[in-house]
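Colleague: Show me the folded form of this:
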Amino acid sequence: MNKKDKILIFLVDDDALFLKSLAIEFSQFEDFEIQTFPTGELCIKNLTENPAVIILDYHLNGVDLNAIDGIETLDAIKLFNALIPVIMLSSQDKIDVAINCMHHRAFDYVVKSETAFIRLQQIIENIFHYQKIEKQLGWYMERM
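Modeller: Model prediction:
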């Protein structure tokens, strides 16, 4: 598959082990091109590459205490392009954290666990299905 035809996914997490394991899982799919970033700042610097989806950790200051967190990164992504779907990841299984992420326009929220990758796959499929329906609806609305 040509690199141009691949779906670009950004993975952003300061947990190097989790980031690497997630990248390995996604790299098994030929349709995806994966770019990983240990900080929100690096993710933001590369937004001009137009990722199709961003998977973003809620806490990003585990390595650098001065690094911006996931919510600040999410806000910057939405300022750059409000249409980029961002899936938030966290080891916290708290409803108030999930609600905060959704309030900041995250597409979804996933708790880090042994089944997180399967859940992320399902959400990404839903994103593309939703985008396809939106395009079809737009096409029909233009003709009416």
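
Colleague: Contact partners for the residue nearest to T39 when sequence neighbours are not counted?
Modeller: In space, and not counting its chain neighbours, T39 is closest to A67: 5.0 Å by Cβ to Cβ, 6 or more residues apart in numbering. Glycine gets a C-beta too; all of them are placed from N, C-alpha and C. Counting by Cβ atoms under 8 Å, 6 or more residues apart in numbering, A67 makes contact with 14, 39-41, 60-61.

Colleague: Any quick ChimeraX command for the buried ones out of the residues you listed?
Modeller: Per 16 or more other Cβ atoms under 10 Å, the buried members of these correspond to this ChimeraX selection:
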select :14,39,40,41,60
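
Colleague: Give me the subset of the contacts of A67 lying in helices.
Modeller: Among the contacts of A67, the residues falling in helices (DSSP state H) are 40-41.

Colleague: Let's have the contacts of A67 in CSV, adding pLDDT.
Modeller: Output for those, formatted as CSV (pLDDT from 0 to 100):
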residue, pLDDT
D14, 93
T39, 94
G40, 96
E41, 95
L60, 89
N61, 77
